[in-house]
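Enquirer: Sequence and predicted structure below; questions after.
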Amino acid sequence: MTQPLHQFKAEFFKALAHPARIRILERLRGGERTVSELQSYLEIDPSSVSQQLAVLRAKNIVQTRKAGTNVYYSVRDPQVLTLLDVAREIFNNHLIDLQAMLDQQRIEDETTAPTAEGLPLVPTSR
């Protein structure tokens, strides 16, 4: 019974699983933009921007508004931006954990590195 829901979620996350699409959404955080504005920001060709926008639009992540000859894109649901913020926090937490592990490894390497006499340093406890 939950299979269609899981499939929907997987497809939704697939739509977010591209660096250009993430950058587009981050740029749309500031409000609606045209393809040419996004192209200038992303520094990729307009057809690639349009292709990435088509993926986001197909999953109802972005919406459009036509004004004259311009088509403006915006984030359909602001919760998508909240989701990106939460993802950033998760990644930051992982980086903090990795940095702590690296720092610990560095300390261990320094205490077991051979000295000039060829013997490892032995930490002293006081």
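Expert: Looks like it came in fine. Residues are numbered from 1 along each chain as shown.
Enquirer: quick check: domain ranges of this protein?
Expert: Following automatic domain parsing, one finds the domains of the chain at 3-76, 78-113.
Enquirer: Please identify the buried residues of the strand or helix carrying His94?
Expert: Taking DSSP states H and E as the definition, His94 sits inside helix 79-112. Along helix 79-112, these residues count as buried under the neighbour rule (16 or more other C-beta atoms under 10 Å): 80, 84. Just so you know, the C-beta spots here come from the backbone N, C-alpha and C atoms, and that holds for glycine as well.
Enquirer: What of stretch 8-28?
Expert: For stretch 8-28, a neighbour-count test (16+ other C-beta under 10 Å) marks 15-16, 20-21, 24-25, 27-28 as buried.
Enquirer: any chance of these in TSV, plus secondary structure?
Expert: Formatted as TSV, these follow (DSSP: H, G, I helix; E, B strand; the rest coil):
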residue	secondary structure
Ala15	helix
Leu16	helix
Ala20	helix
Arg21	helix
Ile24	helix
Leu25	helix
Arg27	helix
Leu28	helix
